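Trainee: Have a look; sequence and predicted model below, questions after that.
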Amino acid sequence: MATRRPQRRRPVRRTAPRRRSVRSRRQRQRDRQLLLLTAGVLAAAAAWVVISWLAAHWWVLIVMAAVAVVCGAWWAHRYQQQRSWDRVRRQALRYGLPQLDALHHRDFEYAVRDLMRRDGCTDARQIGGAGDNGADVLATDPHGRTWVIQCKHRRDGDRGSAVGTPDLQRVNGTARQLYGADVVLVVTNGRFSTRCAPLAAQLHMHLADRRTLSAWAGGGRPLWELLPKIPAPRTSR
């Protein structure tokens, strides 16, 4: 009697997990789309609220624009100053008297500031203007001495009016009390009246006239090597 061979069972394909996987991917896509749609609606709503508020408070836009203009102008000024000073350092700054005579009085103050920086006063800054209390330039030299400088520009050089004793008295009255000056200096591209030198000696001030200015601005020596009786250094190099 012939024996029957056992029949092999065919493996059963399971399709349910695959259907669940496809269904899960579709659900995640719908969730992402819904999330994006919700975010878009919220962003649009927020933008509408902001626009509506600004329309009702239009003055805020004016304030914001003014602040932006001021900040932009300040940044442009600082950037221009930095570029200018970089050129100064590269060119080993020198000024001739005709150049200084042609400057506006405010630019003359900046020129004095730059010359102080050239000589190692890295913190030299121009402060001249309303409420300057007689000081136009402040600086600390490499020896630790604080300089308070008043700049008196004359468009006609030494042919212009002389710098008088009231100018000396004005800066002397505030330089040491307000700024802690070690050196109080008045510098001009013009000349001083005959009474200025004796008064400066009494007040322990220093004067830099047209001749001293020419030697300083056109040469390479710092002011503390050109002026007599400068106070002793606070610190050594």
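Mentor: Yes, it's here.

Trainee: Next SSE downstream of the worst-scoring helix or strand of the chain on mean pLDDT?
Mentor: Using mean pLDDT, DSSP states H and E, the weakest-scoring helix or strand in the chain turns out to be helix 58-91, at a mean of 78. Remark: after helix 58-91, the chain's next helix or strand is helix 97-101, criterion DSSP states H and E.

Trainee: re earlier: quick one: list the elements packing against the least confident helix or strand of the chain.
Mentor: The helices and strands touching helix 58-91, judged by 3 or more C-beta pairs under 8 Å, 6 or more residues apart in numbering; DSSP states H and E, are helix 105-118. Where C-beta positions appear, they are placed from N, C-alpha and C, glycine not excepted.

Trainee: quick one: buried residues of the helix it packs on?
Mentor: Neighbour counts over helix 105-118 (16 or more other C-beta atoms under 10 Å) mark Phe108, Glu109, Tyr110, Ala111, Val112, Arg113, Asp114, Leu115, Met116, Arg117, Arg118 as buried.

Trainee: Closest one of these to Gly160?
Mentor: Distance to Gly160 across the buried residues of helix 105-118 (C-beta to C-beta) is lowest for Phe108, with 12.7 Å.

Trainee: so Ala175 makes contact with Val184?
Mentor: Yes. Between Ala175 and Val184 there is a contact at 4.4 Å, judged by C-beta atoms under 8 Å.

Trainee: shared neighbours of the two, anything?
Mentor: Overlap of the contact sets of Ala175 and Val184 (by C-beta atoms under 8 Å, 6 or more residues apart in numbering) consists of Val148.

Trainee: re the thing from before, helix 105-118 and the least confident helix or strand of the chain, what's the angle between them?
Mentor: With axes from the mean of the first three to the mean of the last three C-alpha atoms, to 10 degrees as the criterion, the two stretches helix 58-91 and helix 105-118 enclose an angle of 50 degrees.

Trainee: to the chain's geometric centre, what's the distance from helix 58-91?
Mentor: Using C-alpha atoms, centre = their mean, to the nearest Å, the mean C-alpha position of helix 58-91 is found 8 Å from that of the whole chain.

Trainee: Give the buried residues for it.
Mentor: Counting neighbours by 16+ other C-beta under 10 Å, helix 58-91 gives no buried residue.

Trainee: Out of the buried residues of helix 105-118, flag the one nearest to Ala45.
Mentor: Tyr110 (52.7 Å).
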